[in-house]
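[1] no FASTA, just this:
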């Protein structure tokens, strides 16, 4: 009888534990970029270290812009980082820490209107156009164009809204500029050849006369 009772209690105990586990609320998956908001990152030392790291990024940046940081998965964030040109760093920074980092810098203007909500920041050293284009491509591919538009940005102390940043993003990227310069250089010999071969060209006549003189000698 005791054995039956014990078995019954064990069965009830397992059932109760199972029911308790099922009743637990689902853990909400947060965006995990550059560490979470727990542990060392929440200590005074951790926050000070983060501020110094952001200051270092600001010192080498020509432009910063921000986008909403919520509902971006780890896989998406990794893909996004890989799509960025060299010299562009992405980091989720709390508004209080960003406010401390931009103080007394040319990006201090960012504190006036961009420090709202959860932000992901782009620190761009030089290739501004390519960085903005890469973000726009990311939002299109992931279906986040409507929910994760650019909030705004700062260049040379000037604060730009979303439309202003988009306009800057339409400027040629460094790669595109290099291609145009290379194309222009490659076109020089072709243009020179056309000029030399032109029958009425003074340069063509001069070259022809010089050649004749050399042959006569």
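    Looks like it arrived, so ask away. Treat the numbers as computed from the prediction; the structure is a model and nothing was measured. Residues are numbered from 1 along each chain as shown.

[2] how near is residue 162 to residue 68?
    Distance check for residue 162 against residue 68: by CB to CB, to the nearest Å, it reads 12 Å. To be clear about C-beta, it is placed using only N, CA and C from the backbone, and glycine gets the same treatment.

[3] Compare these two (neighbour count), which wins?
    Residue environment comparison for residue 162 versus residue 68 gives the larger neighbour count to residue 68, 17 against 14, counting by other CB atoms under 10 Å.

[4] sorry, back to before: which neighbours do residue 162 and residue 68 share?
    Counting by CB atoms under 8 Å, 6 or more residues apart in numbering, the common neighbours of residue 162 and residue 68 are residue 151.

[5] backbone phi and psi for residue 120, please?
    Main-chain torsions, residue 120, degrees, to the nearest 10: phi -110, psi 130.

[6] wait, what's in contact with it?
    The neighbours of residue 120, taking CB under 8 Å, 6+ apart as the test, are 33, 66, 67, 68, 69, 72, 90, 91, 92.

[7] Narrow those residues to those that are buried.
    Neighbour-count burial (16 or more other CB atoms under 10 Å) applied to the contacts of residue 120 gives 33, 66, 67, 68, 69, 72, 90, 91, 92.

[8] right, and the pair among those residues with maximum separation?
    68 and 91 (14.3 Å; CB to CB).

[9] what residues are up against the nearest residue to residue 125 once chain neighbours are set aside?
    In space, not counting the residues next to it along the chain, residue 125 is nearest to residue 87; the distance is 3.5 Å by CB to CB, 6 or more residues apart in numbering. Residues touching residue 87, when contacts are defined by CB under 8 Å, 6+ apart, comprise 124, 125, 126, 127.

[10] Please pull out the lowest mean pLDDT helix or strand from this protein.
    Per-element confidence for the chain was summarised using mean pLDDT, DSSP states H and E. The lowest value among helices and strands belongs to helix 2-23, with a mean of 40.
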